[in-house]
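K.L.:
I'd like to go over a predicted model; first the sequence, then the structure.
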Amino acid sequence: MLDSTTSPGGLFADDKQVMRCVWCRATLTYQQYHDQEWGMPVGDDRHLFEKICLEGFQAGLSWLTILNKREAFRSAFADFDMDKVAVFDDLDIKRLLLDAGIVRHRGKIASTINNAKRAQELRSEFGTLATYFWQFEPGLAERPSQITHQTLSAMATSAQSIAMSKDLRKRGWSFVGPTTMYAFMQAMGLVNDHIEGCAARVRAAVAREEFQSPAPR
């Protein structure tokens with residue numbers, strides 16, 4: 001078991017004294033996700049589509065539950081190729097409801113198929129999903145000057161996640177509420193919500209500086 005201690009600031013130190021956001025403390029797999037993926041900017045449409053679908057499946061569950069099932073989800077949903085998922089039919093829904101490796105929720109499965117079709121529409125309109133999603137990146141003036149445990153605890157949504165949710169719902173998407181969309185923004189690097197003092201915060205900031213946003217500003 002990892003020998004770690006928790007600090008009052010929402011961080012914990014592992015046995016090498018590497019500081020991380022406390023939410024990833026549960027398992028080494030969770031810590032690897034925190035270190036290597038969460039908050040790193042993503043411009044790849046397949047990855048963006050996968051994450052928005054998995055955020056929908058997470059509703060009412062923990063992200064660790066979804067992360068542990070991610071490979072099974074990828075296998076079940078054609079590696080989240082939106083063009084393949086968009087043509088899933090009733091037989092696919094029946095198949096997925098029998099797949100013990102994923103979350104067997106009919107509404108969320110049907111939502112993923114629907115959202116694949118809506119994603120195709122976004123791609124046709126904007127060229128890429130990335131161009132659409134990155135337009136919701138907040139400016140520096142719209143973000144807290146510091147991300148602390150206290151500020152992060154109060155940030156379940158943002159003006160941008162509310163706007164994104166509203167627009168996606170208008171376009172026919174489902175399971176894309178403001179809280180779900182804020183979690184999506186955090187994971188895909190549209191915001192850097194690693195707490196001050198977390199070792200991954202600087203890496204995420206550097207990655208964002210090197211990332212070319214596909215959305216015009």
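P.N.:
Right, received. Where do you want to start?

K.L.:
which stretches of this structure aren't confidently modelled?
P.N.:
1-8, 141, 145, 217 (pLDDT under 70).

K.L.:
which element follows the longest helix along it toward the C-terminus?
P.N.:
When every helix of the chain is counted residue by residue (DSSP state H), the longest turns out to be helix 106-126. Tracing the chain C-terminally past helix 106-126 and defining elements by DSSP states H and E, one meets helix 129-134 next.

K.L.:
Packing partners of that next one?
P.N.:
The criterion is 3 or more CB pairs under 8 Å, 6 or more residues apart in numbering; DSSP states H and E, and the helices and strands that helix 129-134 contacts are helix 45-58, helix 106-126. Yep, even glycine has a C-beta here, placed from its N, CA and C like the rest.

K.L.:
Work out the gap between the first one and the centre of the chain.
P.N.:
So that's helix 45-58. On the basis of CA atoms, centre = their mean, to the nearest Å, helix 45-58 sits 7 Å off its chain's mean C-alpha point.

K.L.:
mind listing the helices in the protein by residue range?
P.N.:
28-36, 45-58, 63-68, 70-76, 82-85, 90-97, 106-126, 129-134, 149-153, 159-170, 178-187, 199-210.

K.L.:
Without its sequence neighbours, what residue ends up closest to the residue nearest the centre of the chain?
P.N.:
Central residue of the chain (CA atoms, centre = their mean): Phe184, 3.3 Å from the mean position. Beyond its immediate neighbours in the sequence, the residue positioned closest to Phe184 (CB to CB, 6 or more residues apart in numbering) is Glu55, lying 4.9 Å away.

K.L.:
count of residues packed around that neighbour?
P.N.:
When counting by other CB atoms under 10 Å, one arrives at 24 neighbours for Glu55.

K.L.:
re the thing from before, how big is the angle separating the longest helix of the chain from helix 159-170?
P.N.:
An angle of 100 degrees separates the directions of helix 106-126 and helix 159-170 when computed by axes from the mean of the first three to the mean of the last three CA atoms, to 10 degrees.

K.L.:
Can you give the contact residues for helix 106-126?
P.N.:
In this structure, residues lying in contact with helix 106-126 by CB atoms under 8 Å, 6 or more residues apart in numbering are 45, 49, 52-53, 56-57, 59, 77, 82-83, 85-86, 88, 92-93, 96-97, 129, 132, 168, 171-176.

K.L.:
and what of stretch 63-73?
P.N.:
26-27, 29-30, 33, 50, 53-54, 57-58, 80, 99, 101-103, 183.

K.L.:
if we can go back for a sec, and the gap between the residue nearest to the centre of the chain and Trp38?
P.N.:
Using CB to CB, to the nearest Å, one gets 11 Å for the distance from Phe184 to Trp38.

K.L.:
Buried among the contacts of helix 106-126? Need that as a selection in ChimeraX.
P.N.:
For the buried members of these, the matching ChimeraX selection, counting by 16 or more other CB atoms under 10 Å, is:
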select :45,49,52,53,56,57,59,77,82,85,86,88,92,96,129,132,168,173,174,175,176
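
K.L.:
Thanks again, I'm all set now.
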